[in-house]
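> okay, structure incoming, though there's no sequence with it:
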C-alpha cells in the first residue's frame with residue numbers, strides 16, 4: 001500500500017518546519033520507501049508497518065504541539081510493490097511520448 005499523509009501542528013505559530021521534520025524523521029528512520037514534497041510525505045509498505053509509521057510520525061508532532069491536523073490518502077493494491085516509483089515513471093513515460 002501507498003499512503004500519502006500530511007501532519008501539521010496547530011497553535012505553534014506560522015513556522016512549522018521543525019515540527020514537520022520530526023514526523024519526516026520517523027518515516028525516514030523506518031526503512032520503508034518514502035518521499036517528501038512540499039505538501040505530503042508518501043510511504044510504501046504493508047498495511048501494519050505503514051500505519052505504525054504514520055501513527056508514530058503523528059505522535060512525534062503531537063508531543064510538541066497542543067493540537068495536530070492530519071490528512072491521509074491511501075492506495076491499497078495488493079501484490080504491487082515499488083508503486084511509489086513506478087506510478088511516477090508511468091506518468092513521465094506518457095509525458096515523454098507527447
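On my side now, so go ahead. On a predicted model such as this, the values are computed, not experimentally measured, just so you know.

> after the host helix or strand of residue 61, which helix or strand is next?
Residue 61 belongs to helix 47-62 when assigned by DSSP states H and E. Using DSSP H and E, the next helix or strand after helix 47-62 towards the C-terminus is strand 67-75.

> got the angle between that next one and helix 47-62?
Using axes from the mean of the first three to the mean of the last three CA atoms, to 10 degrees, the inter-axis angle of strand 67-75 relative to helix 47-62 is 160 degrees.

> average pLDDT for strand 67-75, rounded please.
Strand 67-75 comes out with an average pLDDT of 97.

> which positions in it come out as buried?
Across strand 67-75, burial judged by 16 or more other CB atoms under 10 Å covers residue 68. In this view, the C-beta of every residue, glycine as well, is placed from N, C-alpha and C.

> show me which residues of the helix holding residue 61 are buried.
Quick answer for helix 47-62 (16+ other CB under 10 Å): 50-51, 53-54, 57-58, 60-62.

> also stretch 10-20?
Judged by neighbour count using 16+ other CB under 10 Å, the buried positions of stretch 10-20 are 12, 19-20.

> for these, give me JSON lines that also has pLDDT.
Listed next are these as JSON lines, based on pLDDT from 0 to 100:
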{"residue": "12", "pLDDT": "96"}
{"residue": "19", "pLDDT": "96"}
{"residue": "20", "pLDDT": "96"}
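
> now, those residues that are in helices?
Taking DSSP state H, the ones among the buried residues of stretch 10-20 that sit in helices are 19-20.

> between the buried residues of stretch 10-20, which sits nearest residue 30?
Taking CB to CB as the measure, residue 30 lies nearest residue 20 of those, at 16.0 Å.
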